[in-house]
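Participant: Here is a sequence together with a model predicted from it:
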Amino acid sequence: YEIYALSKIDSIMQKKCDKVRTHLKLEDTSDIVYLLKQFKWNASAIVELYEKDKQQFLQTYFSDNNNNKSNKSACSLSKLTSYLNIYNDESDSDSDSGSDNNAATSSSKLQEQNQSDLLYCSVCCSTKSSHQDIACLADCSHRFCLDCWRTHFEMQIKMNATSFFECMEPKCSSLASKEFVLKCLRTDATSSSSSSTVLVDQYRRLVTRDLVKESDDLQLCPGEVVDGRRRVACPSIVWSKQRPAARRVQCGTCCTQYCFLCAAPYHAPNSCDTIRKWNLKCQDDSETRNYLLVHTQDCPKCKVCIEKNGGCSHMTCNRCKHEFCWVCLNDWKTHGATYDCNRYKGNPEQDNAREALNRYTHYYHRWINHANSLKFEKALKEQCRLKIEEKIMNKGCGTLVDWEFLNEAADLLTKARYTLQYTYPYAYFSEHNESKLLFENIQAELEREVENLSHSLEKVNLNDKFNIKIQMTIVEKRRQTLLKDFIQ
């Protein structure tokens with residue numbers, strides 16, 4: 001993959017168009033744009049399919065009865081060409097002339113109407129003094145003043161929904177061209193130039209975001225960077241040069257690591273769908289799980305789930321009328337004055353609902369435990385750095401090269417714990433079969449080796465270097481084995 005600044009999206013699109021133009025010998029930009037649209041803006045996919053069977057490709061997409069022709073009529077050319085020259089300065093001058101053309105078109109369309117009607121805006125209910133203050137979209141004849149158009153576009157930008165703005169006339173689905181939007185955003189006498197610049201930049205980001213959503217080989221970085229005293233979205237975009245897959249991407253601007261397909265934190269060995277379901281379950285079940293653990297118990301006799309609605313620990317089951325202690329679940333008749341409620345006594349017999357809850361809790365606790373452990377890895381790396389400096393300062397304790405393995409071991413521990421964290425959602429959603437048993441065995445071995453390596457780093461000297469190197473090799477092999485199926 002390649003990482004670009006957001007403002008370089010024009011360069012990416014130009015390269016895609018040039019690639020299609022070169023391989024397919026196309027000259028018409030509209031043909032190239034429509035073709036890219038059908039392939040989710042993936043030029044490599046177009047070339048790959050074209051090279052497999054050129055005759056079939058041309059017959060499918062460029063014959064008289066092709067699907068491309070129907071797609072052309074269904075799509076708006078102005079909508080697709082909005083993805084070209086998003087940041088290009090040359091388009092700014094074009095935008096001015098394009099908007100003037102819109103105004104001129106609206107005037108020529110309405111030559112035969114009354115002069116007062118031509119200059120009337122039905123939104124602000126005012127009559128303008130010049131045709132230059134009134135404009136309509138190229139696909140319709142609904143005219144409004146430029147101030148109302150600007151206000152309309154400004155509100156749409158603040159809503160942050162889409163970069164394709166419809167006409168203000170009710171039930172009119174005509175879309176405003178990018179050139180017309182930019183012209184309106186820049187023509188406001190009451191607004192400062194900096195305000196217009198901010199709006200234009202926000203609009204360009206919206207257009208870029210919509211393009212990325214439609215593209216299967218582009219992804220916006222989900223990270224953040226510091227801009228003065230506030231954190232803002234990272235202005236980076238990733239272009240995958242291989243077939244799009246759930247690969248790990250590390251942003252060169254903010255150093256965020258994430259999955260290319262879903263932009264979530266990298267989640268091997270899980271698929272994007274699995275980790276999405278896991279995150280949703282964690283959000284949905286967290287409050288339910290906490291409430292059930294605090295406020296409910298299973299009846300020791302009939303196993304029905306009971307909610308405690310009073311302060312007394314003397315409970316009576318409504319179903320079987322069994323009386324028991326809420327704290328220790330012992331029979332209340334034999335409970336007596338001697339309390340042994342402090343001792344843990346597991347009960348393997350559970351009803352289905354609580355068994356499902358306990359199963360989820362088992363995986364969730366281990367998931368969150370590794371997530372918390374990762375927070376201490378920075379401290380571990382700092383300890384390793386200080387330890388290396390201390391050893392180097394003492395004569396006869398080795399050089400920086402001799403102790404570099406400590407930094408390597410700390411980095412490997414971070415990678416291994418991160419992998420272990422994401423093995424638990426994978427195990428939770430896996431079917432109970434031999435493959436899962438084998439996976440959990442390797443998972444347990446990796447857990448053990450990670451703890452051994454972590455313990456070895458606490459009290460280390462130069463004589464332990466060889467043993468730690470061996471432990472590092474074992475940890476990495478175990479980690480790669482867990483990820484083998486996912487990588488393949």
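Facilitator: Received the coordinates, thanks. Numbers count the residues shown, from 1 in each chain.

Participant: which stretches of the stretch 301-450 of the chain form helices?
Facilitator: For the stretch 301-450 of the chain, the helices defined by DSSP state H, counting those that start in this stretch cover 352-374, 377-393, 400-429, 434-458.

Participant: now the ones you listed as a markdown table including mean pLDDT and mean neighbour count?
Facilitator: Heads up, the C-betas are built off the backbone N, CA and C, glycines and all. A markdown table is the format used below for the helices of the stretch 301-450 of the chain (pLDDT from 0 to 100; neighbours: other CB atoms under 10 Å):
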| stretch | mean pLDDT | mean neighbour count |
| --- | --- | --- |
| helix 352-374 | 78 | 15 |
| helix 377-393 | 75 | 14 |
| helix 400-429 | 86 | 19 |
| helix 434-458 | 84 | 15 |
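
Participant: In CSV, list those helices along with distance to Glu154.
Facilitator: Output for the helices of the stretch 301-450 of the chain, formatted as CSV (distance: least, CB to CB, whole Å):
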stretch, distance to Glu154
helix 352-374, 41
helix 377-393, 43
helix 400-429, 42
helix 434-458, 53
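
Participant: Ok, which of those helices comes nearest Gln257?
Facilitator: With CB to CB, the closest approach to Gln257 among the helices of the stretch 301-450 of the chain belongs to helix 400-429: 9.0 Å.

Participant: now the angle between helix 352-374 and that closest one, please.
Facilitator: 170 degrees (axes from the mean of the first three to the mean of the last three CA atoms, to 10 degrees).

Participant: Packing partners of helix 400-429?
Facilitator: helix 272-295, helix 352-374, helix 377-393, helix 434-458, helix 465-487 (3 or more CB pairs under 8 Å, 6 or more residues apart in numbering; DSSP states H and E).

Participant: Of all the helices of the stretch 301-450 of the chain, which one is nearest Cys221?
Facilitator: Of the helices of the stretch 301-450 of the chain, nearest to Cys221 by CB to CB is helix 400-429, at 18.9 Å.

Participant: Select, out of the helices of the stretch 301-450 of the chain, the one closest to Leu24.
Facilitator: helix 400-429 (41.5 Å).

Participant: how about the nearest residue to Ala176, chain neighbours excluded?
Facilitator: Phe165 (4.7 Å; CB to CB, 6 or more residues apart in numbering).

Participant: contacting residues around that neighbour?
Facilitator: Contact analysis of Phe165 by CB atoms under 8 Å, 6 or more residues apart in numbering lists 152-153, 156, 175-176, 181.

Participant: same thing but at 6 Å, please
Facilitator: In this structure, Phe165 makes contact with 153, 156, 176, judged by CB atoms under 6 Å, 6 or more residues apart in numbering.

Participant: Just the residues you listed: which are in helices?
Facilitator: In this view, those that belong to helices under DSSP state H are 153, 156.

Participant: If we only consider the contacts of Phe165, which is nearest to Phe439?
Facilitator: Phe439 lies nearest to Gln156 out of the contacts of Phe165, by CB to CB, at 48.9 Å.

Participant: what's that closest one in contact with, if anything?
Facilitator: Phe165 are the contacts of Gln156 under CB under 6 Å, 6+ apart.

Participant: Worst mean pLDDT across the helices and strands of this structure, which element?
Facilitator: helix 89-109 (a mean of 44; mean pLDDT, DSSP states H and E).

Participant: could you dump the contacts of Phe165 to a markdown table with pLDDT and distance to Lys277?
Facilitator: Shown next, in a markdown table, are those (pLDDT from 0 to 100; distance: CB to CB, whole Å):
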| residue | pLDDT | distance to Lys277 |
| --- | --- | --- |
| Phe153 | 90 | 38 |
| Gln156 | 89 | 33 |
| Ala176 | 86 | 39 |
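
Participant: and which of the contacts of Phe165 is nearest to Val225?
Facilitator: Distances from Val225 to the contacts of Phe165, taken by CB to CB, are shortest for Gln156, at 26.3 Å.

Participant: Quick check: that closest one vs Lys178, distance?
Facilitator: Applying CB to CB, to the nearest Å, the value for Gln156 to Lys178 is 13 Å.

Participant: try Thr81
Facilitator: For Thr81 relative to Lys178 (CB to CB), the value is 8 Å.

Participant: Of those two, which one has the most company?
Facilitator: Lys178 (26 against 15; other CB atoms under 10 Å).

Participant: and that one, backbone torsions?
Facilitator: Dihedral pair for Lys178: phi -60, psi -40, per degrees, to the nearest 10.

Participant: Just give the nearest non-adjacent residue to it, would you?
Facilitator: Ser82 (4.0 Å).

Participant: Surely Tyr4 is in a strand?
Facilitator: Yes - using DSSP: H, G, I helix; E, B strand; the rest coil, the assignment for Tyr4 is a strand.

Participant: which residues pair with it across the strands?
Facilitator: Ile237 (DSSP bridges).

Participant: count of neighbours near it?
Facilitator: 16.

Participant: Ramachandran angles for the closest residue to Ala233 other than its chain neighbours?
Facilitator: Counting by CB to CB, 6+ apart, Glu224 is the residue found nearest to Ala233 once chain neighbours are left out, at 6.3 Å. When read as degrees, to the nearest 10, the backbone of Glu224 gives phi -130, psi 150.

Participant: How many residues are close by the residue nearest to Trp239 when sequence neighbours are not counted?
Facilitator: Nearest residue to Trp239, sequence neighbours excluded (CB to CB, 6+ apart): Glu2, at 4.9 Å. Neighbour count of Glu2, defined by other CB under 10 Å: 11.

Participant: Now do Glu2 against Ile237, distance only.
Facilitator: For Glu2 relative to Ile237 (CB to CB), the value is 9 Å.

Participant: Which of the contacts of Phe165 sits closest to Cys259?
Facilitator: Nearest member of the contacts of Phe165 to Cys259, counting by CB to CB, is Gln156, at 30.5 Å.

Participant: May I have the helix or strand hosting Leu182 exported as PDB, CA atoms only?
Facilitator: Element membership for Leu182, per DSSP states H and E: helix 178-186. Extracted C-alpha coordinates of helix 178-186, given in PDB (Å, rounded to 0.1, in the frame of the first residue of the first chain):
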ATOM      1  CA  LYS A 178     -19.000  20.500  -7.500                       C
ATOM      2  CA  GLU A 179     -18.200  23.700  -9.400                       C
ATOM      3  CA  PHE A 180     -21.500  25.300  -8.500                       C
ATOM      4  CA  VAL A 181     -21.100  24.500  -4.800                       C
ATOM      5  CA  LEU A 182     -17.600  25.900  -4.700                       C
ATOM      6  CA  LYS A 183     -18.800  29.100  -6.400                       C
ATOM      7  CA  CYS A 184     -21.600  29.600  -3.900                       C
ATOM      8  CA  LEU A 185     -19.400  28.900  -0.900                       C
ATOM      9  CA  ARG A 186     -17.000  31.600  -2.100                       C
END
